[in-house]
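In: Structure for the following, please:
(2 chains)
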Amino acid sequence: MSEYITLSLILFTIGAVGVLVRRNAIVVFMCIELMLNATNLAFVSFSRQHGNLDGQVAAFFVMVVAAAEVVVGLSIIVSIYRTRRSTSVDDASLLKS
Amino acid sequence: MFDLQWLLIAIPLASGALLLVWGKEADRFGHLIGTVASAASFVWGAVLFAKLMGSDAEDRSHTSRLFTWIDTGTFHVDMSFTFDQLSGLFVLLITGVGTLIHVYSIGYMEHDDRRRRFFAYLNIFVAAMLTLVLAADYLVLFLGWEGVGLASYLLIGFWQHKPSAAAAAKKAFVVNRVGDVGMALAIMLMFAQFGTTAIGTVNATVPGATQGAATALGLLLLLGACGKSAQVPLQSWLLDAMEGPTPVSALIHAATMVTAGVYLVVRSHGIFDASEAARNAVIVVGLVTLLVGAWIGCAKDDIKKALAGSTMSQIGYMMLAAGLGPAGYAFAIFHLITHGFFKANMFLGAGSVMHGMEDDVNMRHYGGLRKLMPVTFATFAIGYLAIIGVPPFAGFWSKDHIIEAAFGQNFWVGLGTLVGAGVTAFYMTRLMIMTFVSAKRWHPDVHPHESPKVMTIPLIALAALSAVGGLLALGDWIQEWLEPVTGAAEHHELGIPVILLTLIIVVIVALGIIAAVVFYRREPIAAETPADSSVSLFARAGRHELYGNEINDAVVVRPTRHLTRFLVWLDGMGIDGFVTGLADRLGDTSQFLRKPQTGFVRSYALTMFGGVAILVLALLAVTLA
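Out: Alright, predicted model coming up:
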């Protein structure tokens, strides 16, 4: 059982580091998805370990929210790309002026 | 009929306003409008005065209300004017002498591009002075008072392209403001004490007030009077005011402005009657000024400044007389009127001399003008005889009365006035000798000539008035005429017969003349002003106006400057320092705080992760513990 949790931890860490170090918005986005899926894996593993369905349900919720988030996030990235010809998150720093 | 007395003010005021707004096309006839307006005011004043003379003694004070000026709660001020024995005399003097000065100015200012404007200011001056003397309320009087200050500022600085004239105008204005503070405080005190500022009511209720209030009122009014009448210690503006065109000097010194202070004291006789201390202060101020003015008059080589010194001195006589109480009020006014005649005469005469001498004012460059300017000389000589008090000219009668009254008050005061009379004779004789009699000293390029008729006719008229002005006191007419306004005089015993005192005065005057003749006829007069180091201490002090400006500088100007500098420093270091310091510290803090805001999403994300990590660790620590 602890292998699943370990895998989940590794995936989450990869995602987290990817968010922190990558500049390409798409990759950052993918890393976020990776972290979400790592949590899903942890949810499902714990659900099985405890023998109830709460974790499974939570995983579904996460998936739904992630799907919605992908729609919003990708459209933001596309519109940024249209205006700035770049998907680097470092370029999108208008608020700092 | 007396309800229309406001026309006296309205005519010159309207004319002045018209001349100011009317454009260039009025340049050709603007001066005529101004003169006619002043003359019309004089005619109307004369009609009213004649009517006054024709009515019974009890029926000679006419107050007419024009409109309600201020009406708030208990404070009520009417725009009302009083034409009575005192203001009537003043109206005639102001408009009469004023009109002659207008006529003279037509010639004097002929070559000035801004003559129309000059006449507009003259009209405003006359209107303001008439407001001052006709006012039935101290607040209305104050309106005229400030109007006079404004008009004098505009006229003294009329040749504003000269920095000295602009400075002199400013000085007159600023020094007058000091006096105005006294005046304004007096009016406020009246309202606080009596609830009204109507002149009649205030003077009638003063005897019921406390001694302290009456004295305070008297001293504050005296401060105001000192400012307008150029009395010590507010005398310094008068000599600088000579920067204005000469007719302005004549107007300021004879008919308007400097007479305002004397008028104020006489008009407020109720206040001064109630306070002996205030009266004594007036006497002291008058006495000091009359001696200081005479001193300055002795030392100046500038003909206008010498005359200005004599004005100070003569106004000092009037102030002193006004300070004597009911015994002197009538004589103060009498001397004011005769002085109005002969001083206007002499100032216009000096203007005529300057006109012929290409605007040179230094008497050392004159000499022997008697033959070249016969009319100016003859009229000036009459003014001269009048001011030094040679019988039977006007000044003799008025000054004689003041000296008598002064001796009735106090021996030393009387002696001061007697000395003043002798010194007056000395410096006026000096002026006459240097200008008209001695050998000619002018530059060969200068061609002195007599002035045109438009200038000499006013001179002749004023000379005639200077000669016969003494008739006003014939059979004590002026005392009886003014008695309802100023109160009856109690008679003082002099201890010596009046005729003997008169004789003494004449002898003193004669001594003054002889001294000047001996002094200035014995050897030729230097054509240039001797250096300060070669003249006596006495003359040096006189030349520097007894160091009045230096004293003002040391006592007022410099300490104020230091105070200002200190306050500026305090403001910069203390108050601004605290506020800007606080802002600076806040700014620094913000600068520090904005560093984490890099604009990189990654760093924000790192912060979030770090925060979450700390939170999780904390939770773990709590649960495990």
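
In: Isn't residue B:190 up against residue B:196?
Out: Yes: counting by CB atoms under 8 Å, residue B:190 touches residue B:196, with 7.3 Å between them. All C-beta spots, glycine's among them, are computed from the backbone N, C-alpha and C.

In: what's around the one residue in the stretch 51-200 of chain B that gets nearest to chain A, how many residues?
Out: Closest contact between the stretch 51-200 of chain B and chain A, by CB to the nearest CB, is at residue B:170 (52.8 Å). For residue B:170, the number of neighbouring residues by other CB atoms under 10 Å in any protein chain shown comes to 15.

In: and it, what does it touch?
Out: Applying CB atoms under 8 Å, 6 or more residues apart in numbering or on different chains to residue B:170 gives the contacts B:153, B:157.

In: What residues does residue 92 make contact with?
Out: Because you didn't say which chain, this covers chain A. With contact taken as CB under 8 Å, 6+ apart, residue A:92 is in contact with A:25, A:80, A:84, B:601.

In: looking at chain B here, not the other one
Out: B:42, B:45, B:46, B:49.

In: and after the helix or strand containing it, which helix or strand comes next?
Out: Taking DSSP states H and E as the definition, residue B:92 sits inside helix B:85-108. Later in the chain than helix B:85-108, the nearest helix or strand by DSSP H and E is helix B:115-134.

In: Sort out which residues of the following helix or strand past that next one are buried, please.
Out: The helix or strand immediately downstream of helix B:115-134 is helix B:138-156, counting by DSSP H and E. By neighbour count on 16 or more other CB atoms under 10 Å in any protein chain shown, the buried set for helix B:138-156 is B:138-149, B:151-156.

In: Please apply the same query to stretch B:106-119.
Out: Neighbour-count burial for stretch B:106-119 [16+ other CB under 10 Å]: B:106, B:107, B:108, B:109, B:115, B:116, B:117, B:118, B:119.

In: which other residues reach that stretch?
Out: For stretch B:106-119, the surrounding residues in contact (CB under 8 Å, 6+ apart) are B:16, B:19-20, B:22, B:26-27, B:30-35, B:102, B:105, B:155, B:158, B:245-247, B:351, B:355, B:451-452, B:454-455.

In: And for stretch A:62-81?
Out: So stretch A:62-81 is contacted by A:25, A:26, A:29, A:32, A:33, A:36, A:39, A:40, A:43, A:86, A:87, A:92 (CB under 8 Å, 6+ apart).

In: Single out the residue in the stretch 301-450 of chain B that lies closest to chain A.
Out: residue B:359 (69.6 Å).

In: hang on, I meant the stretch 251-400 of chain B
Out: Residue of the stretch 251-400 of chain B nearest chain A, by CB to the nearest CB: residue B:257 (66.6 Å).

In: and that residue, how many neighbours?
Out: The number of residues packed near residue B:257 is 27, by other CB under 10 Å.

In: doesn't residue B:251 make contact with it?
Out: Yes: in this structure residue B:257 lies within contact range of residue B:251 using CB under 8 Å: 7.5 Å.

In: How far off centre is the helix or strand harbouring residue B:168?
Out: Here residue B:168 sits within helix B:163-194, counting by DSSP H and E. With CA atoms, centre = their mean, to the nearest Å as the basis, helix B:163-194 stands 11 Å off its chain's centre.

In: Which parts of it count as buried, going by neighbours?
Out: Going by neighbour count (16+ other CB under 10 Å), the buried part of helix B:163-194 is B:165-166, B:168-169, B:171-173, B:175-176, B:178-180, B:182-187, B:189-191, B:193-194.

In: for the chain, what are the low-confidence residue spans?
Out: Going with chain A. Low-confidence segments of chain A, defined by pLDDT under 70: A:95-97.

In: Hmm, no, I was thinking of chain B.
Out: In chain B, residues with pLDDT under 70: B:490-495.

In: at 80 instead, please
Out: B:57, B:474-475, B:487-496, B:522-524, B:527, B:534, B:598-601 (pLDDT under 80).

In: Near chain A, which residues of it? Just list them.
Out: Within chain B, the positions near chain A by CB under 8 Å from any CB of the partner chain are B:597, B:598, B:599, B:600, B:601, B:602, B:605, B:606, B:609.

In: In contact with the fifth one, which residues?
Out: With contact taken as CB under 8 Å, 6+ apart, residue B:601 is in contact with A:28, A:89, A:90, A:92.

In: now, which of these sits nearest chain B?
Out: When the contacts of residue B:601 are compared for distance to chain B (CB to the nearest CB), residue A:89 wins out at 4.4 Å.

In: give me every residue that touches that closest one.
Out: Residues near residue A:89 by CB under 8 Å, 6+ apart: A:23, A:24, A:25, A:28, B:600, B:601, B:602.

In: can you pull the buried residues of the helix or strand encompassing the fourth one?
Out: Looking back up the chat, that one is residue A:28. Assessed by DSSP H and E, residue A:28 sits inside helix A:25-50. Of all the residues in helix A:25-50, those buried under the rule 16+ other CB under 10 Å are A:25, A:28-29, A:31-32, A:34-47.

In: what helices or strands is that helix leaning on?
Out: Where contact means 3 or more CB pairs under 8 Å, 6 or more residues apart in numbering or on different chains; DSSP states H and E, helix A:25-50 is packed against helix A:2-21, helix A:54-84.

In: Excluding its own residues, what touches the shortest one? List them.
Out: The one in question is helix A:2-21. So helix A:2-21 is contacted by A:27-28, A:30-35, A:37-39, A:41-42, A:44-45, B:602, B:605-606, B:609 (CB under 8 Å, 6+ apart).

In: Swap in 10 Å and give it another go.
Out: Under the contact criterion CB atoms under 10 Å, 6 or more residues apart in numbering or on different chains, helix A:2-21 has outside partners A:24, A:27-46, A:48-49, A:89, B:601-603, B:605-606, B:608-609, B:612-613.

In: Would you list the phi and psi of residue B:69?
Out: phi -90, psi -60 (degrees, to the nearest 10).

In: I'd say it and residue B:142 touch.
Out: No: in this structure, residue B:69 is not within contact of residue B:142 by CB atoms under 10 Å, at 11.5 Å.

In: mind listing what's buried in stretch B:438-446?
Out: Buried, per 16+ other CB under 10 Å, within stretch B:438-446: B:438, B:441, B:442.

In: same deal with stretch B:516-530?
Out: B:516, B:517, B:520, B:525.

In: Next, format these as JSON lines and append secondary structure and distance to residue B:446.
Out: Listed next are the buried residues of stretch B:516-530 as JSON lines, based on DSSP: H, G, I helix; E, B strand; the rest coil; distance: CB to CB, whole Å:
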{"residue": "B:516", "secondary structure": "helix", "distance to residue B:446": "25"}
{"residue": "B:517", "secondary structure": "helix", "distance to residue B:446": "26"}
{"residue": "B:520", "secondary structure": "helix", "distance to residue B:446": "22"}
{"residue": "B:525", "secondary structure": "coil", "distance to residue B:446": "17"}
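
In: Going by distance to chain A, which of those wins?
Out: Closest approach between those and chain A, by CB to the nearest CB: residue B:525, at 84.1 Å.

In: That closest one and residue B:362 touch, don't they?
Out: No: applying CB under 10 Å, one finds residue B:525 not in contact with residue B:362, separated by 11.4 Å.

In: List the residues that are in contact with both of those two.
Out: Common neighbours of residue B:525 and residue B:362 (criterion: CB under 10 Å, 6+ apart): B:301, B:434, B:441.

In: Including secondary structure, could these go into TSV?
Out: Below are these laid out as TSV (DSSP: H, G, I helix; E, B strand; the rest coil):
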residue	secondary structure
B:301	coil
B:434	helix
B:441	coil
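
In: Could you tell me the phi and psi values at the residue in the stretch 451-600 of chain B positioned nearest to chain A?
Out: Here the residue of the stretch 451-600 of chain B nearest chain A is residue B:599; by CB to the nearest CB that distance is 3.2 Å. Phi and psi for residue B:599, reported as degrees, to the nearest 10, are phi 90, psi 0.
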